[in-house]
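J.: Coordinates for the following, if possible.
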Amino acid sequence: MAFCFHKRIVRGTRYDWLTAVCLCLLWAGWLIAFPVPVAAQDNAPQTVTLEEYRALLAESRALVAQDDALGEFPALADRWEVITAVEITRADGTTLTVPVQHSYLSHLLRAEIPNFGLLRRTFNALDTAADSWPLAPQPLSPAEYNPDRAALDDLLARPEFQAAPSEPNLVERIRRQMLNFVNNWLVTFLPQDVDFSGGGWIFTIFLPVVLGVVLTLVLVVAIRRLATDFVTTTAVNEQAWSAGDPLTAAAAYQQAQTTSSAGDYRTAVRYLYLSTLLALDERDLLRYDRAATNREYLRRIADQPDLHALLSDVVDVFDRVWYGFQPISRDTYDTYAARVADLQRQRRRRRAEREQTDEEIAP
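T.: Numbers count the residues shown, from 1 in each chain. Take a look at the predicted model:
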């Protein structure tokens, strides 16, 4: 009669480290792919002097030139965003107020992978513009500065254009730090004189593709690992038994001896384990159930420490040899057979103790 074995659910400690790594990578990938929106905060517009404006330009240039200052770019972008005008005192004592707008510069500074070449050119353009402001023949009014400024102001006054600068929250800062770390690491593999102004696609396209491939591989490995944790049923060689033969512990043990003599130790381990389960069932120590898993068998005898320890060792070797395809030698098989023999002796002792107890209770 054909019979089946059931793989026990693999102990949780075996793949705990893999599960933890998978979860961390998936969490990091989710944060990178779907940034968490941050709450906006109000920043009042500021008017600075020309000297303060030039000082901020010099500070920004120095910060961009540093390799480890990427984390300070968002704060620098906030400082540029709030500057809406530059006040200039000319040699004749007149005051000139020049309206300015730095949303483009702020966008460059807030980029996940800053374009350093474009930032340097933008600072040069702002410096050149600042040199020309004191030479203006007369103060510029908004209308004179741009004839269409009134219409533009009305357009920009709409609610959809009133988004205030935002301060990144903790999750957003962690996400940016991760990207900055990867960016700095990749830069170390490139020549020092490389201009990234035209190569931003390497980091904005190539890096996400690589990350997507890595995450896909992690998902495939994790799913395969989880799939092996579920109960699977494997049929034994049905040709070894005819439909009318009884399936007993003695018959299974005899089959184990036959297959081991032929050198098939893997199948012999299988029959020894089946013989153990059937023998436990015949002695009313454990009910054999083809629908039960190995873990369920161990749980049923948890109140019998000695028996549980022996059966746990037998189950562990069976799982590694049969389901894990671990090679097994003659010496290893003999050790396994000795374990099964110890389990047989344990069963006999418990049966003798039970019979003695029944005799003492009987009147």
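J.: how about the helices in the stretch 201-350 of the chain?
T.: Under the criterion DSSP state H, counting those that start in this stretch, helices of the stretch 201-350 of the chain are mapped to 207-229, 249-261, 265-282, 294-300, 305-318, 330-361.
J.: from the ones you listed, which stretch is densest packed?
T.: helix 265-282 (a mean of 22; mean count of other Cβ atoms under 10 Å). From N, CA and C alone the C-beta is placed, and that goes for glycine too.
J.: could you give the mean pLDDT of that helix?
T.: For helix 265-282, mean pLDDT is 87.
J.: what's the answer for stretch 320-335, then?
T.: For stretch 320-335, the mean per-residue pLDDT is 87.
J.: That stretch: end-to-end distance?
T.: End-to-end span of stretch 320-335 (Cα to Cα, to the nearest Å): 14 Å.
J.: Please identify the helix or strand for residue 87.
T.: strand 83-89 (DSSP states H and E).
J.: quick one: contacts of that strand?
T.: Residues from elsewhere that reach strand 83-89 (Cβ atoms under 8 Å, 6 or more residues apart in numbering): 45-50, 53, 56, 95-102, 130, 133-134.
J.: could I get the helices of the stretch 201-350 of the chain as JSON lines with distance to residue 84?
T.: As requested, the helices of the stretch 201-350 of the chain are exported to JSON lines (distance: least, Cβ to Cβ, whole Å):
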{"stretch": "helix 207-229", "distance to residue 84": "35"}
{"stretch": "helix 249-261", "distance to residue 84": "87"}
{"stretch": "helix 265-282", "distance to residue 84": "79"}
{"stretch": "helix 294-300", "distance to residue 84": "69"}
{"stretch": "helix 305-318", "distance to residue 84": "72"}
{"stretch": "helix 330-361", "distance to residue 84": "80"}
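J.: Figure out which of those is closest to residue 177.
T.: Closest approach to residue 177 among these (Cβ to Cβ): helix 207-229, 15.5 Å.
J.: Only C-alpha atoms, please: export that closest one in CSV.
T.: In CSV, the C-alpha atoms belonging to helix 207-229 read as follows (Å, rounded to 0.1, in the frame of the first residue of the first chain):
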residue,chain,number,x,y,z
LEU,A,207,21.0,52.9,-9.7
PRO,A,208,17.2,52.4,-9.4
VAL,A,209,17.3,49.6,-12.0
VAL,A,210,20.1,47.9,-10.0
LEU,A,211,18.1,48.3,-6.8
GLY,A,212,15.0,46.9,-8.4
VAL,A,213,16.9,43.8,-9.6
VAL,A,214,18.4,43.3,-6.1
LEU,A,215,15.0,43.7,-4.5
THR,A,216,13.5,41.2,-7.0
LEU,A,217,16.1,38.6,-6.2
VAL,A,218,15.5,39.1,-2.5
LEU,A,219,11.8,38.6,-3.0
VAL,A,220,12.3,35.5,-5.0
VAL,A,221,14.7,34.0,-2.4
ALA,A,222,12.3,35.0,0.5
ILE,A,223,9.3,33.5,-1.3
ARG,A,224,11.1,30.2,-2.0
ARG,A,225,12.3,30.0,1.6
LEU,A,226,8.8,30.6,2.9
ALA,A,227,7.3,28.1,0.5
THR,A,228,9.6,25.4,1.9
ASP,A,229,8.2,26.1,5.4
